[in-house]
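> Can you look at this prediction? I've put the sequence above it.
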Amino acid sequence: MDTPRSTPLWLRALLWALALAALAAVFMWYQQPDLMVEIANQIWSCF
């Protein structure tokens with residue numbers, strides 16, 4: 001039987017870094033209220 005291969009350490013580290021970078025970017029965007037209002041207005045204008 002073949003044993004399942006685990007994900008390489010460098011790939012797991014890269015995926016964690018990308019996830020943390022995305023979370024940090026969203027957090028920084030939420031610190032700018034004008035941007036949030038603009039996005040809300042654009043979404044609302046679709047309806």
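Yes, it's here.
> mind checking the longest helix of this structure?
Ranked by residue count and defined by DSSP state H, the top helix of the chain is helix 9-30.
> Packing partners of it?
In terms of contacts (3 or more C-beta pairs under 8 Å, 6 or more residues apart in numbering; DSSP states H and E), helix 9-30 is packed against helix 33-45. The way it works is simple: take the backbone N, C-alpha and C, and place the C-beta from them, glycine included.
> contacts for the helix it packs on?
Here helix 33-45 makes contact (C-beta atoms under 8 Å, 6 or more residues apart in numbering) with 29-30.
> what distance separates it from the middle of the whole chain?
Distance, stretch centre to chain centre, for helix 33-45: 19 Å (C-alpha atoms, centre = their mean, to the nearest Å).
> relative to helix 9-30, how tilted is it?
Here the directions of helix 33-45 and helix 9-30 differ by 90 degrees (axes from the mean of the first three to the mean of the last three C-alpha atoms, to 10 degrees).
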